[in-house]
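**Q** Sequence unavailable; structure follows:
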DNA sequence: GGCAGGCGTGGAACCGGTTCCAGTATTGCG
DNA sequence: CGCAATACTGGAACCGGTTCCACGCCTGCC
């Protein structure tokens, strides 16, 4: 029993396919009589238009693609919440989700999108596309918005990571800390850069206060809680350990807290810890952190993208999300 | 500059469109010479086939739909991880994500899918479709797999919630508790049922041990941490409060822990708490819980779905995921 | 009454693939 | 050498929508 097509409806309602199409698309150029007949027939046949066919002939799919490193970080999920929420509010766009964990997957995802007929626009979260990839996407005329990543040719919504690092430094310095450790990401093939920028901000903040940054207190590794824990244990068992640690993300800060607990250090007395992001967990564990409005960045990213889909000629913009220190129990 | 089509390639390579199509689909019926010429032309033009067009003519989209109540619960995310991971391993399927928060969205999602041409199969997480919805999906011949939801007509992967409740009861009874509270979900318009079944299991476990369940110790409300906290505070400030609480989910257990802390109750001495699910947070907060392999259910759900797509005639199966009590610090 | 203009309509052409059939060249075999 | 089977190939028809053009009819105006 094949699904009914627009031609079935037309035949049964005694009209042309053009008229059925016009009814479907709310064109005013249909007589009340014909409209009514078509409507009834559609109900009788339980006819639903094929979105694939519509996509092919219209050249639009009413779908946006979202490219995320899904697993790597708690912050991504929080942003996704904003994305999904905003898209649902819009109503008529579907969401194609691309998880990118490896450089290979990443290349494949961009290659797929290089032909722009799958999605009407692309939201890329926490991944910086290469110049080549950007060029390919632009050649295709595909609207793209970056969240938590920067490229001069594309609209983006970012935070000032360096300023965030400075905020963390100031917060810890203000509590009398001078030996401040840093736990962050090792350079990754996916091209995350925020960790390094936050480290730079930390250094700048220290220098501004006349404290010389120490390379030995900065440790980096793959982004994960357990890895951060291992790194923090190394920091804390040094001969002259730091009295405070700035972690490049909340997820890593949790690892630091675990290390402190494992080594019997009291927080915040023996060790102060400040994270970055303010994911949901941070509040639960009462972690002091540099807050960025994750969810809002997702919402805002979708808004920029929808605007870009409507008007693809607009120049790329950069929006800066605000950073604030949320003081809780770990400092 | 229009994107090149298969006809552009054919013309430039001096072959017919049939030959190009055969090259694209790795048909053996192409001479080495022609194949080579087509391949080169494809590279030169940077030609990428249109998946929309392919979807239309093949009647398959290489896309699976995933319907989730995205926000409602931590467990959903963990399952999604499994889904995404397994789908990525497969490689050639895309993921269309449908978030369903309200009854209205839910109806809309199912209506959309009623015409089965958007996706090749549907994975529904934690939502029980109505008989009408099931009928519509079946009429369309769309393969569907449910995860954490049951319907006799569809393949599903579930846990025995009643048995899980009994496990929780036994665990607490074994530690000497007799007054055991329950914090769970109020009946929701989306038709979640697991909370009630877990409560039933708790009661059954108590009765088996000769303890009479008390209605007054069972409280229910919307599924959220804060709501659970409020409910737990009510329980704990009763004249004769429970010495242990079984929460229908880890998220709610966290609310119970917050309530205990706010009221100065020590855990587990004054109050034992056991949750359900074993989400990532549970481990971090050292919450005792009835573990279900969330991620694996996502993986397995996709596997069942892919199998159903390959052979749509197979009869629906039910797979039961295993439950175990993970003992940590809250009991 | 004749004509311009607008409304409503039907359906061919098109979107960009796949499928399949008909046709040609080559090979193998008796 | 003749014939059939085999290996390739080209392109029409099709998937199910949208778009647009041509056409008929009605209305209003001179």
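**A** Happy to help now that I have it. Please read these numbers as outputs of a predicted model, since none were measured by experiment. Residues are numbered from 1 along each chain as shown, chains lettered A, B, ... in the order given.
**Q** Stretch A:253-264: which residues count as buried?
**A** Taking 16 or more other Cβ atoms under 10 Å in any protein chain shown as the neighbour-count basis, stretch A:253-264 is seen to contain the buried residues A:253, A:254, A:255, A:256, A:257, A:258, A:259, A:260. Heads up, the C-betas are built off the backbone N, CA and C, glycines and all.
**Q** what about that stretch and chain B, touching?
**A** Yes. With Cβ under 8 Å from any Cβ of the partner chain as the criterion, chain B is reached by stretch A:253-264 at residue A:254.
**Q** what does that stretch contact?
**A** Outside of stretch A:253-264, the residues that reach it under the criterion Cβ atoms under 8 Å, 6 or more residues apart in numbering or on different chains are A:183, A:224-233, A:235-237, A:245, A:247, A:266-267, A:270-271, A:273-276, A:281-282, A:285, A:287, A:289, A:330, B:284.
**Q** before we move on, the earlier item: distance to residue A:299, pLDDT and secondary structure added to the buried residues of stretch A:253-264, as CSV?
**A** Below are the buried residues of stretch A:253-264 laid out as CSV (distance: Cβ to Cβ, whole Å; pLDDT from 0 to 100; DSSP: H, G, I helix; E, B strand; the rest coil):
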residue, distance to residue A:299, pLDDT, secondary structure
A:253, 25, 97, helix
A:254, 26, 94, helix
A:255, 29, 95, helix
A:256, 30, 97, helix
A:257, 30, 95, helix
A:258, 32, 94, helix
A:259, 35, 96, helix
A:260, 35, 96, helix
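**Q** Kindly present these as TSV, with separate columns for distance to residue A:16.
**A** Shown next, in TSV, are these (distance: Cβ to Cβ, whole Å):
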residue	distance to residue A:16
A:253	65
A:254	64
A:255	67
A:256	70
A:257	70
A:258	70
A:259	73
A:260	75
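**Q** average pLDDT for stretch A:19-37?
**A** In this model, stretch A:19-37 has an average pLDDT of 95.
**Q** no, scratch that, I was asking about stretch A:214-231
**A** Mean pLDDT, computed over stretch A:214-231, is 95.
**Q** Mind listing what's buried along it?
**A** A:217-221, A:223-225, A:227-231.
**Q** residues making contact with it?
**A** Residues from elsewhere that reach stretch A:214-231, judged by Cβ under 8 Å, 6+ apart: A:72-73, A:179-186, A:188, A:192, A:195, A:199, A:232, A:234-235, A:238, A:242, A:247, A:249, A:251-256, A:258-259, A:262.
**Q** Any chance of a PyMOL selection covering the buried ones in those residues?
**A** A single PyMOL command suffices to select whichever of the contacts of stretch A:214-231 are buried according to 16+ other Cβ under 10 Å:
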select buried, chain A and resi 72+73+180+181+182+183+184+185+192+195+199+232+235+242+247+249+251+252+253+254+255+256+258+259
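**Q** out of the contacts of stretch A:214-231, who's near DNA strand D?
**A** Of the entries in these, none also sits close to DNA strand D under the rule Cβ under 7 Å from any atom of the strand.
**Q** helices and strands of chain A: which one bottoms out on pLDDT?
**A** Among the secondary structure pieces of chain A, namely its helices and strands, helix A:103-114 has the lowest mean (mean pLDDT, DSSP states H and E), a mean of 81.
**Q** Quick one: distance of that one to the chain centre.
**A** On the basis of Cα atoms, centre = their mean, to the nearest Å, helix A:103-114 is displaced by 17 Å from the centre of the chain it belongs to.
**Q** does that helix come close to DNA strand C?
**A** No. Applying Cβ under 7 Å from any atom of the strand, one finds helix A:103-114 out of contact with DNA strand C, separated by at least 12.3 Å.
**Q** Check which helices and strands that helix sits against.
**A** Under the contact criterion of 3 or more Cβ pairs under 8 Å, 6 or more residues apart in numbering or on different chains; DSSP states H and E, helix A:103-114 touches helix A:131-139.
**Q** circling back to that earlier point, what lies in contact with the least confident helix or strand of chain A?
**A** With contact meaning Cβ under 8 Å, 6+ apart, helix A:103-114 is reached by A:65, A:67, A:98-100, A:118-119, A:122, A:127, A:129, A:133, A:136-137, A:139-140, A:142, A:189-190, B:46, B:48, B:88.
**Q** Many thanks, we can stop here.
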